[in-house]
Each structure stands twice: as C-alpha cells, then as structure tokens.
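Student: My questions are about this predicted structure, shown below with the sequence.
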Amino acid sequence: MSTGRARLEIGTYGDMHTVTTVAGNVKAEARYRDWDGEIRKVTATARTVSGAKQALRKKLNERSTATGLGTALTPESTVAELADAWLEDVHIRTDLADSTKDLYRRELSSLVLPAFKRFLLREVTVGRVDRFIKTQATVSYAHARHSRVVLSMMFNFALRHDAVQHNPVAGTARLKQPKVNPKALSLQQLELIRTATGTWRSGPSVNGPRPDGQVRDVIEVLLGTSDRIGEALALRRCDIDDSRAGDGEPMRVTVAGTLVVVNGKGVYRQDHPKTSRSLRTLEVPEFVADVIRRRLALLPPRADEHLLFFTRKGTPLAPNNVRRTLRKMLKDAGLSELKVTPHTFRRTGGTFIARATDSKTAAAVLGNTKEIAEKHYIEQEAPVPNPMPARHLGSLGPQPTRPRRTRE
C-alpha cells in the first residue's frame with residue numbers, strides 16, 4: 001500500500017519540475033513548506049533548464065533565510081550565523097542602551113567568535129564550552145565571565161528559535177572569582193601624582209602646545225566626588241549648585257549622566273548614569289569646588305547644557321584620551337609602577353569615606369550597594385592585633401621557679 005507523498009519539513013522543498021512556457025522560456029517550480037506550516041509553490045523562469053533551476057534554488061534559499069529576524073537557524077547553522085541573528089535582535093531591543101549593545105558586539109567579536117565561529121550549533125557541547133571558559137579564566141576572570149554571558153544569551157536566543165535543544169552554557173561549571181582586595185592610594189602617593197600631573201610638560205624646553213590642565217582637574221573631581229570617569233566628564237553647568245557659597249555651605253554636584261563611546265556614533269553624553277542608584281547629588285569638598293568654579297569660568301554665559309570638560313573643538317572629552325594622557329604623565333614622572341587608572345581615584349575616595357564614616361555612607365557616595373562598594377571599591381584595613389589573648393595565654397607557660405635557699 002502506498003504511503004503517499006513524504007511530508008516536508010519546515011524550511012525545505014520537494015523535487016523541482018520544469019516546463020517550457022509559450023514564450024519559449026523554461027519555468028522551474030517546487031513545493032516549499034513555509035515557516036507557518038503552509039506548503040506553497042515557488043517558481044522561477046529562465047531561458048534554459050539549468051538556468052531556471054539555478055534561479056529557483058536561489059529563490060528557495062533566500063526564502064529559507066527569511067524569518068522575522070532575517071535568519072532561519074537550525075542545528076546545522078554556524079555559530080557565526082547565530083551571532084549575526086542575535087546581534088540583529090540586540091540592535092532592535094529598546095531596553096538596552098546603545099553602549100551596552102556596542103559592548104556585546106565587541107565582546108562577541110573579540111572573545112567568542114575567534115573560538116566558535118566555524119562550529120555548527122549542534123557541535124557546541126557543554127564540554128567544549130566549559131573547556132573554553134576555563135581556559136579563558138586562566139588568563140582573565142573578566143574575559144571568562146563576559147564570554148560566558150555572551151554565549152549564554154546567544155544560545156538562549158537559539159533555543160527560542162528551536163535551533164538547539166538546550167543551552168550548553170547552562171551545564172558549565174560555575175566560575176569562581178578570585179578574591180582581590182581593592183587598593184587605594186596613600187596621601188604620599190596622591191602628592192606624587194598631583195605633582196606629576198601639575199608639572200607635566202611645563203618646562204622651558206617643551207616643544208609644541210602646552211597641556212590645558214584638564215586631566216589634572218579631572219583627577220581632582222574624581223577624588224572629591226568618587227565618580228566614574230564617564231560621570232565626571234559628563235558634568236554640565238546645570239549639574240552644579242553653588243548658590244549657597246555665600247552662606248559657607250558646600251557646593252552640590254548632581255550626577256545625572258555619563259559619557260559613552262559607541263562604534264559609529266563616537267563619544268556622546270548619555271542622559272542617565274550607569275544605574276538608577278548612580279543618580280545622586282553630592283556635596284563636594286572645597287578643593288573640588290575651586291576646580292569646578294575655574295572650569296565654569298571658561299564656559300560661555302548661560303550655556304547650561306555645556307560640559308565642564310571638553311576638547312578644543314567643544315566636543316566631549318573622551319574617557320580613553322584621559323586614560324592615555326594619565327598613563328603618559330605617570331610614565332614621564334617614573335610612576336608607572338603605581339598602575340593608576342581613573343578608577344583608582346574612585347576607590348581612593350570610597351576608601352577614605354568608609355574609614356572616616358562607614359561602608360554604607362561610602363556606598364551612597366559611590367552610587368553602589370554596600371556589598372558592591374566593599375567588594376570592589378573599599379580597601380580593607382589591616383586588623384589591629386588584640387593584646388588580650390596573649391596575656392591570657394601567658395598563664396599557660398611554665399611557672400617561674402623559686403631560687404633555692406642555701407645554708408650559711
């Protein structure tokens with residue numbers, strides 16, 4: 001008994017048939033099962049049989065890759081194809097900032113694709129992903145963690161599109177973060193850095209344009225606010241409240257945005273900081289207020305939205321340029337071994353606040369939770385030995401012997 005025509009799988013087509021049209025051309029046709037389950041006839045016409053079949057194959061292949069996101073994923077798709085489809089999905093999401101989308105793209109390109117782009121989805125196993133992440137962790141915990149996040153999101157996307165049966169990242173071993181005690185600068189180190197940044201390229205023999213002092217001023221703002229570099233560079237005239245200076249009250253600074261760098265868009269100000277907790281108003285010490293007043297004096301009048309820090313062209317001062325200049329300043333002063341970055345000043349400010357008050361207060365200034373502040377920003381003090389245990393344990397020692405009396 002005949003079992004009838006075999007049922008087509010979704011995204012596949014049946015045998016091709018050709019017929020000669022009245023005009024003398026050749027028409028090729030085939031049955032194709034679309035992604036909605038319906039079977040439709042697809043045709044293509046050319047002057048020859050081989051040309052018609054070739055045109056039909058092209059048409060069918062284009063149809064098989066036409067889903068809502070532009071790519072039909074199957075277990076036979078490559079990781080590179082999955083990456084393209086996932087990035088397209090990321091691009092149209094409205095819940096992600098442009099800087100986050102750009103970060104995913106860069107981490108995918110630099111960390112994940114070099115190792116996985118030629119694998120088929122069915123070849124990406126738990127064991128293969130686990131070995132990859134563990135290998136990366138031997139070099140950098142951050143790279144391993146970022147790779148794990150990107151791979152997991154990609155394969156969750158593939159799972160939602162029925163291209164895989166499970167997410168291979170879910171079965172990998174948990175990453176153990178190495179314990180690192182945040183390091184703050186001492187007052188002596190701060191003095192060396194201030195001298196280096198304040199006198200850089202200031203001698204009579206210096207050729208070319210002299211530094212404008214912005215990096216030096218940025219450092220003071222970072223120290224006095226514990227801001228992230230992007231937050232400090234995003235400060236505007238309207239974020240500064242110095243109205244109570246005549247009453248001896250401190251200046252207030254509102255952190256309401258951050259600078260981001262996005263591929264294709266360059267550097268621009270984002271109208272909100274990194275997290276909702278990062279939106280905060282701070283009272284700043286007088287040495288920071290003096291720097292900010294000096295910066296305000298350079299701005300055009302009534303330019304409320306103007307940034308405090310800017311290039312000669314009036315554009316935002318890129319965080320990477322500040323980092324690069326700071327490294328050059330420290331190298332020229334022989335201080336490279338301090339390994340100072342803009343984040344070092346954030347940790348230093350957080351540590352000084354925590355030691356003078358408590359971790360909760362420091363976390364509020366940093367715009368973090370207490371747990372995050374203690375883990376990443378506050379250097380732990382060396383414990384002071386308690387003398388009492390030694391005194392109590394002294395009673396366990398041998399008792400002093402009495403001198404024997406001798407007869408005269």
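Tutor: Great, that's in hand.

Student: The residue nearest in space to the middle of the chain: helix or strand, and which one exactly?
Tutor: Central residue of the chain (CA atoms, centre = their mean): L103, 5.6 Å from the mean position. Mapping L103 onto the secondary structure by DSSP states H and E places it in helix 98-107.

Student: what's in contact with that helix?
Tutor: For helix 98-107, the external contacting residues (CB atoms under 8 Å, 6 or more residues apart in numbering) are 87, 90-91, 93, 146-147, 150, 153, 260-263, 265, 270. (C-beta placed from N, C-alpha, C; glycine too.)

Student: For that helix, what does the pLDDT average out to?
Tutor: The predicted model assigns helix 98-107 a mean pLDDT of 91.

Student: Can you get me the centre-to-centre distance for that helix and its chain?
Tutor: 7 Å (CA atoms, centre = their mean, to the nearest Å).

Student: Name the residues of it that come out as buried.
Tutor: Buried residues in helix 98-107, counting neighbours by 16 or more other CB atoms under 10 Å, are found at 98-99, 101-105, 107.

Student: and what of stretch 233-241?
Tutor: By neighbour count with 16+ other CB under 10 Å, stretch 233-241 contains the buried residues 233-237, 239-240.

Student: In CSV, list those residues along with pLDDT.
Tutor: Listed next are these as CSV, based on pLDDT from 0 to 100:
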residue, pLDDT
L233, 96
A234, 96
L235, 96
R236, 96
R237, 95
D239, 96
I240, 96
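
Student: For the closest residue to D34 other than its chain neighbours, give me the pLDDT.
Tutor: Distances taken as CB to CB, 6 or more residues apart in numbering put R40 closest to D34, at 5.9 Å, once the chain neighbours are dropped. As predicted, R40 sits at a pLDDT of 86.

Student: ok, now how distant is R40 from D15?
Tutor: Distance from R40 to D15, counting by CB to CB, to the nearest Å: 15 Å.

Student: before we move on, what about K117?
Tutor: Per CB to CB, K117 is found 34 Å from D15.

Student: tell me the angle the longest helix along the chain makes with helix 98-107.
Tutor: Looking across the chain with DSSP state H, the single longest helix is helix 141-160. Counting by axes from the mean of the first three to the mean of the last three CA atoms, to 10 degrees, helix 141-160 points 100 degrees away from the direction of helix 98-107.

Student: Quick one: residues contacting the residue nearest to D34.
Tutor: Taking CB under 8 Å, 6+ apart, we find R40 in contact with 31-32, 34.

Student: Mark which of these are buried, thanks.
Tutor: For those, a burial check counting by 16+ other CB under 10 Å picks out 31-32.

Student: Which of the contacts of R40 sits closest to F132?
Tutor: Nearest to F132 among the contacts of R40 is D34, at 36.5 Å by CB to CB.

Student: you'd agree the closest one is up against L8?
Tutor: No - in this structure, D34 is not within contact of L8 by CB atoms under 8 Å, at 9.9 Å.

Student: Is it correct that D304 falls within a helix?
Tutor: No - assessed with DSSP: H, G, I helix; E, B strand; the rest coil, D304 is coil; it does not lie in a helix.

Student: Spatially, and excluding backbone neighbours, which residue is closest to it.
Tutor: Closest residue to D304 apart from its sequence neighbours, by CB to CB, 6+ apart: C238 at 4.1 Å.

Student: who touches the one helix or strand Y32 maps to?
Tutor: Counting by DSSP H and E, the element that carries Y32 is strand 26-33. Strand 26-33 is contacted from outside by 8-21, 39-49, 51-53, 55-56, 60, 63, using CB under 8 Å, 6+ apart.

Student: same thing but 6 Å
Tutor: 8, 10, 13-14, 16-21, 39-46, 49, 52-53, 56 (CB atoms under 6 Å, 6 or more residues apart in numbering).

Student: Can you flag which of these belong to helices?
Tutor: 49, 52-53, 56.

Student: Nearest to A83 among those residues?
Tutor: Nearest to A83 among the ones in helices among the contacts of strand 26-33 is L56, at 29.5 Å by CB to CB.

Student: and that closest one, how many residues sit next to it?
Tutor: By other CB atoms under 10 Å, the residues close to L56 number 24.

Student: Also A173?
Tutor: A173: 10 neighbours (other CB under 10 Å).

Student: Apart from its neighbours in sequence, what residue is nearest it?
Tutor: Using CB to CB, 6+ apart and skipping the chain neighbours, the partner closest in space to A173 is D130 (5.9 Å).
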